[in-house]
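Asks: pasted the sequence and its predicted model underneath.
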Amino acid sequence: MSEQPKASLNQQLDAINDYERQPVPEHKTKGFKDFLALVAGEHIAGTEFVIGPLFVLHGASATDVVLGLLFGNILATLSWTFICAPLAVKTRLTLFYQLERICGYKLVSIFNALSGLQAVAFAAFMAVVSAGAIGLVAGLDTPGFTQMLPNGPSWIILVSVLVALITIIAIQGIDWVSRFAKISTPWMPWVFLSAGIATLPQLGVNSISDFWSVANTTIWTGTPAPGMAKYGLWHILFFSWLCNTAMHIGLSDTFIYRYARKSYYGLASIAGMFIGHFMAWISSGILCAAALRSGIADPTPGQVASIGAGLAGVICVVIAGWTTANPTLYRAGLAVQGIFPNTKRWKITAWLGVLAAVIASFPGVVSKLDSLLAWFALIAAPVGAIVVLEVYVFDRLHLERDYSHKRNGIVNWAVAATWVGALAICWLLYEWWDLDFFFFMAIPGWFIAAFLYIIFSKVMQRSPTTVQLSRV
């Protein structure tokens with residue numbers, strides 16, 4: 001018998017099927033342990049060494065930090081468990097394809113482009129964080145995170161190599177992303193925890209009874225750093241709940257949970273929220289306080305991690321950035337593939353990797369992390385409300401689902417009006433209330449969009465044009 005010719009690399013990549021435009025079949029679903037690794041890997045990230053110190057620098061009190069993170073992360077876990085995961089299991093579709101069926105190719109392309117750009121930027125943030133940690137160990141001249149321009153070719157080469165490795169994993173699809181997370185995730189929480197505990201004596205904690213006193217006087221002092229706004233309980237609660245708005249109530253994480261065997265797998269998010277966000281943010285806050293006390297005025301994640309855990313802490317920053325960037329760049333590929341449905345996802349992901357490397361070459365982008373998350377939270381919330389209504393409510397209201405799909409892809413203007421209307425109302429409310437925290441607007445945005453979409457859909461579906469089209 002003659003041997004079959006070996007498939008080329010291009011053919012092997014073309015053969016990868018991640019069900020971008022069809023439901024995930026039952027035999028491809030994954031177990032609960034896979035989701036624990038995926039979610040923990042994505043949310044135990046290098047950015048935890050950025051976000052945790054923010055609460056120190058913004059002058060939050062110890063009580064505000066503990067209670068805000070406790071209740072905020074509970075709400076985030078519930079959002080994945082009762083909104084995102086059940087809908088993903090019910091439809092087995094990505095948000096991007098489902099939205100295309102609802103509102104049409106032209107309109108969804110705008111959202112897909114914004115989603116893809118946000119995800120690429122976030123993957124670039126992870127590369128910047130990881131590269132900074134590597135530079136610290138290697139003795140390279142790495143730029144600070146407020147420095148926008150690269151300080152030489154070594155930085156560009158370093159972030160390009162890191163993004164290339166991230167892109168290789170993302171190209172391979174959900175199986176590789178999941179496998180990498182299962183290998184790298186289990187040890188990272190222990191580094192965060194041990195680093196925080198090991199640093200406490202430097203701050204004057206010599207027994208358990210000392211902790212709360214030191215926490216209030218030395219770590220989370222209630223006094224913001226110069227130029228920083230004051231954060232209180234509500235700031236931290238809403239930030240910890242809504243920093244991942246796009247993923248849970250915005251339904252972007254349907255790309256993961258469409259592979260879940262059961263809808264309760266949304267509970268796996270508790271690993272990311274209470275290890276990656278609760279414990280890691282508290283630990284990195286402790287490390288930041290120690291760094292400030294040692295004379296480092298603007299500590300980088302690598303410097304913060306190395307104070308408590310030395311080389312292991314730096315390695316943790318590198319791997320944490322990588323495990324977060326893998327699914328993020330994969331999500332970007334799915335989003336942009338919706339704009340170019342005839343192009344293979346792996347090719348799109350490869351080009352997005354190039355874009356991520358370009359963005360990561362300018363390290364100052366990481367200082368814009370909170371602004372990016374806040375804006376995209378507001379952009380994504382109305383979209384999540386629209387899809388939830390379509391899946392669970394429209395049949396009960398005798399409204400037609402998948403309006404555009406049933407009409408050869410025409411634009412569903414009810415979605416466009418809802419999206420623009422919700423964003424405009426939220427912006428006006430934000431200005432009127434004179435709020436100092438944009439994350440506060442994501443939840444009103446979700447409910448305003450739900451109300452508007454029902455009204456606009458009723459008007460649109462009762463119009464003479466709609467009735468005529470329905471009869472064709």
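Replies: Yes, it's here.
Asks: let me see the confidence value for Glu48.
Replies: Looking at Glu48, its pLDDT is 79.
Asks: give me the distance from stretch 401-416 to the chain's centre.
Replies: From the chain centre to the centre of stretch 401-416 is a distance of 28 Å (CA atoms, centre = their mean, to the nearest Å).
Asks: same question, stretch 416-433
Replies: 23 Å.
Asks: contacting residues around the nearest residue to Ala40 once chain neighbours are set aside?
Replies: Nearest residue to Ala40, sequence neighbours excluded (CB to CB, 6 or more residues apart in numbering): Ala271, at 4.1 Å. Placement of C-beta: from N, CA and C, glycine included. Applying CB atoms under 8 Å, 6 or more residues apart in numbering to Ala271 gives the contacts Leu36, Val39, Ala40, His43.
Asks: among those residues, which are in helices?
Replies: Cross-referencing the contacts of Ala271 against helices under DSSP state H gives Leu36, Val39, Ala40, His43.
Asks: His43 contacts Ala268, correct?
Replies: No - the pair His43 / Ala268 is not scored as a contact, 10.4 Å apart, by CB atoms under 8 Å.
Asks: mind listing what's buried in stretch 426-436?
Replies: Across stretch 426-436, burial judged by 16 or more other CB atoms under 10 Å covers Cys426, Tyr430.
Asks: then stretch 57-73?
Replies: 57-62, 64-66, 68-69, 71-73.
Asks: same list (the residues you listed) but as JSON lines, adding pLDDT, distance to Ile448 and secondary structure.
Replies: Formatted as JSON lines, the buried residues of stretch 57-73 follow (pLDDT from 0 to 100; distance: CB to CB, whole Å; DSSP: H, G, I helix; E, B strand; the rest coil):
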{"residue": "Leu57", "pLDDT": "85", "distance to Ile448": "32", "secondary structure": "helix"}
{"residue": "His58", "pLDDT": "88", "distance to Ile448": "28", "secondary structure": "coil"}
{"residue": "Gly59", "pLDDT": "91", "distance to Ile448": "32", "secondary structure": "coil"}
{"residue": "Ala60", "pLDDT": "93", "distance to Ile448": "29", "secondary structure": "coil"}
{"residue": "Ser61", "pLDDT": "95", "distance to Ile448": "32", "secondary structure": "strand"}
{"residue": "Ala62", "pLDDT": "95", "distance to Ile448": "35", "secondary structure": "helix"}
{"residue": "Asp64", "pLDDT": "95", "distance to Ile448": "28", "secondary structure": "helix"}
{"residue": "Val65", "pLDDT": "96", "distance to Ile448": "30", "secondary structure": "helix"}
{"residue": "Val66", "pLDDT": "96", "distance to Ile448": "32", "secondary structure": "helix"}
{"residue": "Gly68", "pLDDT": "96", "distance to Ile448": "25", "secondary structure": "helix"}
{"residue": "Leu69", "pLDDT": "96", "distance to Ile448": "27", "secondary structure": "helix"}
{"residue": "Phe71", "pLDDT": "97", "distance to Ile448": "23", "secondary structure": "helix"}
{"residue": "Gly72", "pLDDT": "96", "distance to Ile448": "22", "secondary structure": "helix"}
{"residue": "Asn73", "pLDDT": "96", "distance to Ile448": "25", "secondary structure": "helix"}
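Asks: closest to Thr185 among these?
Replies: Distance to Thr185 across the buried residues of stretch 57-73 (CB to CB) is lowest for Asn73, with 17.7 Å.
Asks: list the residues that contact that closest one.
Replies: Ser240, Trp241, Met273, Phe274, His277, Phe278.
Asks: which one is it nearest to, not counting chain neighbours?
Replies: Met273 (3.9 Å).
Asks: quick one: contacts for the one you found?
Replies: If you count contacts by CB under 8 Å, 6+ apart, then Met273 has His43, Asn73, Ile74, Ala76, Thr77, Ser240 around it.
Asks: which one of His43 and Ala268 has more residues nearby?
Replies: Using other CB atoms under 10 Å as the criterion, His43 and Ala268 rank with His43 on top: 27 against 24.
Asks: which residues in the stretch 251-400 of the chain form helices?
Replies: Along the stretch 251-400 of the chain, counting by DSSP state H, counting those that start in this stretch, helices occupy 254-257, 269-271, 280-293, 301-337, 345-360, 369-388.
Asks: and the spatially closest residue to Gly272 that is not a sequence neighbour, how far from Trp80?
Replies: Excluding its sequence neighbours, the residue lying closest to Gly272 (CB to CB, 6+ apart) is His43, at 2.9 Å. Distance of His43 to Trp80, computed by CB to CB, to the nearest Å: 11 Å.
Asks: tell me the contacts of Lys33?
Replies: Contacts of Lys33 (CB under 8 Å, 6+ apart): Lys182.
Asks: do you know the pLDDT at it?
Replies: Value for Lys33, per-residue pLDDT: 86.
Asks: I'd like the distance between it and Tyr265.
Replies: Per CB to CB, Lys33 is found 10 Å from Tyr265.
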